[in-house]
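**Student:** Could you look at this predicted model? Sequence included:
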Amino acid sequence: RSKPTAAPATTAGAPDAVRLTHPERSVFPADGITKQHVADYYAAVAPLLLAEIAGRPLSVLRCPDGIASTCFFQKHAGKGWGDRVHAVKVREKNASKDYLAVDDATGLLQLVQMNVIEFHPWGAQADDQEHADRIVFDLDPDASVPWREVKAAARTVRDVLDGVGLRAFLRTSGGKGLHLVVPLAPPAAWAQAKRFAQDLAVTLAAERPETFVSVAGKSKRKGRIFIDWLRNSRGATSVASYSLRARPGAPVAMPLEWNELARLRGGDAYTIATALQKIRRRKSDPWRALYGLRQSLPGTPRRSR
Ligand code: ATP
Ligand code: MN
Ligand code: MN
């Protein structure tokens, strides 16, 4: 398998094998960001992004005419996308379908050539699709929730996870909220991962109904934070760390140290304009301990691989 076992230390290394058509095409029109800018960004973060997506079934958000026009999610591989864009077989209801996957920077840039802006991996490896190797708690605040309360909520969820022996890693979503990512090694059956995530969300919402809700409906969310545990089922995705978001300002989903949360200004605090400087200035990868960490869900029998 080609899954990296450690996050790469450098962000250098643009592959030369991908020819970019229409490099001058505007992708984020309000921000003056072109397809070339997007490709340069992804070439620069390729090793870091690949640590998050390589070997996983992948959904991508494509914006052929830029983010101000129609964008669409795609999970099945298209014809002629490039020799490094792979098809992986995924069992669906009745048949097995070819899903997208990439393993290297060339494949990544072949997707960028196909006007991919966002990368959304499964929480599972393509060669072990029935088991989650990551759980994601996606904190979705109602617009009225003050940002400091969103940050406090992330610490609360972190502490609950700590209490059951699970270390969680933090990232901005690039949108309105925060994600907590819990690696599982060995991986857990999807049914167990989902039940754990749901139980945690339901319990927290019962204990702190003024802060949290565990149901997706907009009406119950008023003034509260939805703990979106629904990211944790087979076939569900979450945005990848280092992915751009197809939103004004070209925000980036950015992994952070927990001690950076106090100063964080919002889920969209990092953008294509600031992410690379942030990455170069930090002392080390804030998720370095995630790769290779061994931890399992409480109460689940260990599964040998
Ligand atoms: P925000 O912080 O603004 O909520 P987010 O990335 O967490 O940003 P959500 O709407 O909470 O956005 O969605 C969580 C994840 O669910 C997305 O990152 C994406 O992977 C997946 N998702 C959401 N909508 C779709 C969709 N229409 N098709 C496929 N996947 C989706
Ligand atoms: Mn969210
Ligand atoms: Mn959500």
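**Tutor:** Noted; the coordinates are in hand. The shown structure was predicted, so the numbers you read here are calculated from the model rather than taken from an experiment. Ligands and ions are numbered 1, 2, ... in the order given.
**Student:** roughly how far apart are the residue nearest to residue 23 when sequence neighbours are not counted and ligand 3?
**Tutor:** If the residues on either side of it in the chain are set aside, residue 23 comes closest to residue 36, at 3.7 Å by C-beta to C-beta, 6 or more residues apart in numbering. (C-beta placed from N, C-alpha, C; glycine too.) Counting by C-beta to the ion, to the nearest Å, the gap from residue 36 to ligand 3 is 31 Å.
**Student:** same deal with residue 91?
**Tutor:** 25 Å.
**Student:** Use 9 as the first number for this chain going forward.
**Tutor:** New numbering, starting at 9: the last item is residue 99.
**Student:** mind listing what that residue touches?
**Tutor:** residue 137 (C-beta atoms under 8 Å, 6 or more residues apart in numbering).
**Student:** wait, is residue 55 part of a strand?
**Tutor:** No. The assignment for residue 55, made by DSSP: H, G, I helix; E, B strand; the rest coil, is helix rather than a strand.
**Student:** roughly how far apart are it and ligand 3?
**Tutor:** In terms of C-beta to the ion, residue 55 sits 28 Å off from ligand 3.
**Student:** Which of the three states applies to residue 160?
**Tutor:** helix.
**Student:** quick revisit: can I get whichever strand or helix holds the residue nearest to residue 31 in CSV? Just the C-alpha atoms.
**Tutor:** Residue 44 is part of helix 43-61 when elements are defined by DSSP states H and E. What follows is helix 43-61, C-alpha atoms only, in CSV (Å, rounded to 0.1, in the frame of the first residue of the first chain):
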residue,chain,number,x,y,z
LYS,A,43,-6.6,28.0,-12.2
GLN,A,44,-2.8,28.5,-12.3
HIS,A,45,-2.9,29.9,-8.7
VAL,A,46,-5.0,26.9,-7.6
ALA,A,47,-2.5,24.4,-9.3
ASP,A,48,0.5,26.2,-7.7
TYR,A,49,-1.2,26.0,-4.3
TYR,A,50,-1.9,22.3,-4.6
ALA,A,51,1.6,21.5,-5.9
ALA,A,52,3.0,23.3,-2.9
VAL,A,53,0.8,21.3,-0.4
ALA,A,54,0.8,18.0,-2.3
PRO,A,55,2.8,16.0,0.2
LEU,A,56,0.7,17.2,3.1
LEU,A,57,-2.6,16.8,1.3
LEU,A,58,-1.6,13.4,0.0
ALA,A,59,-1.0,12.2,3.6
GLU,A,60,-4.8,12.9,4.1
ILE,A,61,-6.2,11.5,0.8
